[in-house]
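K.L.:
For reference, the sequence and a predicted model appear below.
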Amino acid sequence: MTHYNITKVGAEINNRFLEKRMTGTHWTSSHFAHKFLSLESAQKEASKHENVRILWVDPTDPCGWGEVHEDFQSTK
């Protein structure tokens, strides 16, 4: 099933992915990244942050993942 991650452009590799906690949002590694189940929810959260990109992730897709363009149209 496809999910979406938010990444911070230019961040260190271990602090690149958005994690949502009860204490707020934090930047962390991909292992702890929040998995948004819809593009709409990822867009809403991404609009609250600067210098971010949305990635789609699908283990069943031959590519596995890709970037959602700035106009928020998936390249999948």
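P.N.:
Sure, I can see it.
K.L.:
Going by C-alpha atoms from here, please, whenever you check contacts or count neighbours.
P.N.:
Will do.
K.L.:
How far off centre is the worst-scoring helix or strand of the chain on mean pLDDT?
P.N.:
Within the chain, no helix or strand scores below strand 65-68, which has a mean of 92 by mean pLDDT, DSSP states H and E. Distance of strand 65-68 from the chain centroid (Cα atoms, centre = their mean, to the nearest Å) equals 9 Å.
K.L.:
what's it packed up against?
P.N.:
Applying 3 or more Cα pairs under 8 Å, 6 or more residues apart in numbering; DSSP states H and E, one finds that strand 65-68 makes contact with strand 52-57.
K.L.:
Tell me the buried residues in the strand it packs on?
P.N.:
52, 53, 54, 55, 56, 57 (16 or more other Cα atoms under 10 Å).
K.L.:
Break down the protein into its helices, ranges please.
P.N.:
Ranges of helices in the chain, per DSSP state H, are 39-46.
K.L.:
do you know how far residue 48 is from residue 61?
P.N.:
Distance of residue 48 to residue 61, computed by Cα to Cα, to the nearest Å: 29 Å.
K.L.:
neighbours of residue 2, just the number please.
P.N.:
The local packing count at residue 2 equals 16, with neighbours defined by other Cα atoms under 10 Å.
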